[in-house]
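Chemist: fold the following.
(one chain, ligands or ions: 2)
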Amino acid sequence: MSQVVKMERHGEVAIVTVDSPPVNALSAAVRKGIFDGVKSAAADPDVKAIVVTCAGRTFIAGADITEFGKPPQQPGLHEVIDEIEKCPKPVIAAIHGTALGGGFELALGCHYRVATKEAKVGLPEVKLGLLPGAGGTQRLPRAVGPEMAVKMIVTGDFIGAPEAAKAGAIDEIVDNLASGAEAFAKKIVAEKKPLRKLRDDDSKLAAAKADRSIFTNAAAAANKKGRGLEAPVTAAEAVSHSLDQPFEQALKTERELFTKLMNGEQSKAQRYAFFAEREAAKVAGVPEGTKGRDVKSVAIIGAGTMGGGIAMSFANAGIPVTLIETGDEQLKRGLGIMQKNYDATAARGGIPADAPAKRMGLIKGVVGIENVKDADLIIEAVFETMAIKKEVFGKLDQYAKKGAVLATNTSYLNINEIAKMTQRPQDVLGMHFFSPANVMKLCEIVRGEKTAPDALVTAVNVAKKIAKVPVVVGVCDGFVGNRMLAARGKQAEKFLFEGALPQQVDAVLTKFGMPMGPFAMGDLAGLDIGWRSRKDRGIKSEIADAICEAGRFGQKTGKGYYKYEQGSRAPLPDPEIEKLIEETTTKMGLKRRQMSDDEIFERLMYPMINEGARILEEKIAQRPSDIDVVWLYGYGWPIYRGGPMFYADSVGLKKIAERLSFYAKQTNDPSLEPTPLLKKLADEGKTFASLAKG
Ligand code: 3HC
Ligand code: NAI
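Modeler: Ligands and ions are numbered 1, 2, ... in the order given. Got it, this is the predicted structure:
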């Protein structure tokens, strides 16, 4: 038999076991192994039933994504599922871990399914810009009804085996998978149960025939959330054909729609993002086998915007935290905001009704930094002032236990300098969360010059545990994300002097797929922060200053670059701003001009990409894909565009380098000239991706 699929006989039951770590993905070898295994068991007169199961941590987690885009190898997944479905003996899928994508589709092609209580099933193909392409859009609606099926397929979310069993996708929950599946198979044989083929069972479709709004609603919900994603809408369409096309024809349509998505730019970018995210957690320069330190107890210092959000992230993952403030009042305010936040989510149905109390119960608010003494990990989120950070780290050195990891959430400050305040710089690093910290998935793990490898691994592990996406970066002003954002912000600000309005600039980015542009983002964060910082540093920015002098601090004052209606976060263009910009520039003797959207776009994006190249040159980021992950998970970069460096490769570095040179001259700003790395790659006709390949 094959290397990756084994077969054994337990009396009259043949057990076909896939053993292809890490996740038993359906590579060509696995497909062939299952195909041959089922075929030979079908031909063996002593075999009465067949169990398909997996070794290792999980049932088949889907098609092998690394094979996508390569020439197809036989047998295809369709043929494997066909072979199973038409087998004259009952075939039972025995599921543990996660049966996902093609793995779940294969299970749905079996005559019966058993699973452990902890198992999960789902069709997450949309997350890769695809739709289930091996019968999932047709068999799942027949198993659980079209309404639930379209919801699962359009969101890509998994469900637990008990829920799947209730809905009809799992026949039995078993305690012990091996013995339970075997016993189930014997029972099917003994009771002469029929070979159940979902393809022939239209009973659950009948009720839905009248109401097609389930598909349009699912597609509309996906559209609203996904901003420009093709896959969820196409997937809803594919599922809808379960009602208006015969099974075989609907399978053919599914295949066509799958192929269209697979060959499209969006899925290519989303598949890239899948691997980029996993790559980012791998840290160069850490000795093989380095283990993270044990983290049993966590303390967070500062219950403000970020400290509160970080504490909620831990509580959401079921991990208790101690939240430390300077006084009762600050603590009360912070805890109150968290409670309100949870209550609002529960009221919307985002979390169960009892979750707010449970989660708040995990957050223990206390006053006084000496309370860090039991913590294995301490995350500091106090004001962004070096003097205060230094004072806090001096105290941490005094109170924290030996071996505790000391993390700062600073946005810009030099972590090496902060680490010097302690006798243990090897334990100090950055854990830079993004606002709102309970929502945004990115965590830049900042490696100081003295950070110990095991401290770094600890931070990466903890970030993953609280469902964040960790990306290891080096120390510099603003690290990866904010540093690139600053390059973009500098241009955006200039446009107001040159001729554009906030709404024109922002619209260019939202049209591209970003959730918001720089001015709406400024209004959200609060314009007074930058204003204060400019004053501290003696820097002027005439338009931004005038806006703040007018008391317009953004959303919190109902006015900023935009105006806001009471209770609304929707930015509305404001003629007062137009007037303010015109008056300010006239006073400065500037002549404004019409700017094209193309110019705005290139001058926002390309300097950012250039800064990304500089970040690579300086080895602040390990690889171009890490920069993309930062933008995907920290700033809402549209996943179907892969990230700024991936996008740059798709535009072509030659064009980007040329346009940067052009704008450097046009705006008399030499800092826009392409960096040596960008220039070199452009001259050699290479991509950023070529760097990763070495
Ligand atoms: N193909 C190839 N490699 C895969 C893979 C897949 N489907 N799924 C996971 N891997 C790899 C990862 O790249 C990673 O490799 P690495 O160790 O070299 O970085 C390794 O398996 C482990 O993955 P994770 O780090 O993600 O492990 P977790 O335990 O955190 O998660 C998982 C496991 C939930 C299975 C998660 O990996 C996952 O969601 N995988 C993708 C599932 C999926 O999207 N399936 C659908 C595929 S498309 C399809 O089936 C088309 C069909 O309809 C025709
Ligand atoms: P904030 O002003 O909302 O909260 C800071 C909190 O720290 C206050 O509640 C304050 O009482 C408390 N504090 C101050 N000194 C303290 C001390 N010695 N001990 C205990 N608590 C103390 O500030 P915010 O926005 O939460 O920022 C915190 C840190 O996070 C800063 O370093 C900031 O740069 C960083 N950050 C902020 C982001 C944002 O969007 N707000 C995003 C990412 C990082």
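
Chemist: alpha carbons only for contacts and neighbour counts from here, please
Modeler: Fine.

Chemist: who are the contact partners of the closest residue to ligand 2 within the stretch 401-550 of the chain?
Modeler: The nearest approach of the stretch 401-550 of the chain to ligand 2 comes at T410, 3.7 Å away (C-alpha to the nearest ligand atom). By C-alpha atoms under 8 Å, 6 or more residues apart in numbering, the contact set of T410 is A381, E384, G430, M431, H432.

Chemist: what's the answer for A190, then?
Modeler: Applying C-alpha under 8 Å, 6+ apart, no residues qualify as near A190.

Chemist: now A208, nearest residue through space, not along the chain?
Modeler: P146 (6.9 Å; C-alpha to C-alpha, 6 or more residues apart in numbering).

Chemist: pretty sure that neighbour contacts V239?
Modeler: Yes: between P146 and V239 there is a contact under C-alpha atoms under 8 Å: 7.4 Å.

Chemist: ligand 1 contacts on the protein?
Modeler: Residues of the chain lying close to ligand 1 (C-alpha under 6 Å from any ligand atom) are 22-23, 25, 61-66, 100-102, 124-125, 132-134, 275, 278-279.

Chemist: show me the residues you listed that map onto helices.
Modeler: Of the residues of the chain next to ligand 1, the ones assigned to helices by DSSP state H are G102, F275, R278, E279.

Chemist: most neighbours, which of those?
Modeler: The residue in these with the most neighbours, by other C-alpha atoms under 10 Å, is G102 (28 neighbours).

Chemist: on the pLDDT front, check that one for me.
Modeler: At G102, the model reports a pLDDT of 98.

Chemist: ok, the one 3 residues further on next?
Modeler: Among the per-residue scores, E105 holds a pLDDT of 98.

Chemist: what's the answer for the one 10 residues further on, then?
Modeler: Model confidence at A115, expressed as pLDDT, equals 98.

Chemist: output the contacting helices and strands for the helix or strand harbouring A222.
Modeler: Secondary structure assigned from DSSP states H and E places A222 in helix 213-226. In terms of contacts (3 or more C-alpha pairs under 8 Å, 6 or more residues apart in numbering; DSSP states H and E), helix 213-226 is packed against helix 146-155, helix 231-244.

Chemist: can you list the neighbours in contact with the lowest-mean-pLDDT helix or strand in the chain?
Modeler: Every helix and strand of the chain was ranked by mean pLDDT, DSSP states H and E. The lowest is helix 213-226, at a mean of 84. By C-alpha under 8 Å, 6+ apart, the residues outside helix 213-226 that reach it are E147, V150, K151, V154, T155, L229, P232, V233, A236, E237, V239, S240.

Chemist: and that helix, how far from the chain's centre?
Modeler: Here helix 213-226 is found 20 Å from its chain centre; the criterion is C-alpha atoms, centre = their mean, to the nearest Å.

Chemist: swap in stretch 594-603?
Modeler: Taking the mean of its C-alpha atoms, stretch 594-603 sits 30 Å from the chain's own mean (C-alpha atoms, centre = their mean).

Chemist: contacts for that stretch, please.
Modeler: By C-alpha under 8 Å, 6+ apart, stretch 594-603 touches 488, 491, 495, 498-500, 504-505, 508-509, 659-660, 663.

Chemist: these two touch, right, V372 and I379?
Modeler: No: V372 sits out of contact with I379 when judged by C-alpha under 8 Å, with a separation of 10.0 Å.

Chemist: between these two, what contacts are shared?
Modeler: Taking C-alpha under 8 Å, 6+ apart as the contact rule, the neighbours common to V372 and I379 are A299.

Chemist: if we can go back for a sec, could you export the contacts of stretch 594-603 as CSV, including neighbour count?
Modeler: Putting the contacts of stretch 594-603 into CSV (neighbours: other C-alpha atoms under 10 Å) gives the following:
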residue, neighbour count
R488, 20
Q491, 16
F495, 21
E498, 15
G499, 17
A500, 22
Q504, 17
V505, 24
V508, 19
L509, 20
R659, 20
L660, 24
Y663, 19
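
Chemist: now, which of those residues sits nearest ligand 1?
Modeler: Using C-alpha to the nearest ligand atom, L509 comes nearest to ligand 1 of these, at 28.6 Å.

Chemist: what's the helix or strand for the residue of the stretch 401-550 of the chain closest to ligand 2?
Modeler: Per DSSP H and E, there is no helix or strand for T410.

Chemist: backbone phi and psi for it, please?
Modeler: Torsion angles at T410 (phi, psi; degrees, to the nearest 10) stand at phi -50, psi 150.

Chemist: do you know the pLDDT at it?
Modeler: pLDDT for T410: 96.

Chemist: which outside residues touch stretch 297-314?
Modeler: 320-326, 330-331, 334-335, 338, 359, 363, 369, 372, 374-382, 433-439, 466.

Chemist: now list the buried members of these.
Modeler: Buried subset of the contacts of stretch 297-314 (neighbour count, 16 or more other C-alpha atoms under 10 Å): 320-325, 330-331, 334-335, 338, 359, 363, 369, 372, 374-382, 433-435, 437-439, 466.

Chemist: now for the helix or strand containing I445, which elements pack on it?
Modeler: Using DSSP H and E, I445 sits within strand 442-447. Here strand 442-447 touches strand 428-433, helix 453-465, strand 469-474, helix 624-634, going by 3+ C-alpha pairs under 8 Å, 6+ apart.

Chemist: show me how far stretch 17-33 is from its chain's centre.
Modeler: Using C-alpha atoms, centre = their mean, the mean C-alpha position of stretch 17-33 is found 26 Å from that of the whole chain.

Chemist: stretch 229-239 too?
Modeler: Centroid separation for stretch 229-239 versus its chain: 20 Å, with C-alpha atoms, centre = their mean.

Chemist: neighbours of S179, just the number please.
Modeler: Neighbour count for S179, taken as other C-alpha under 10 Å: 11.
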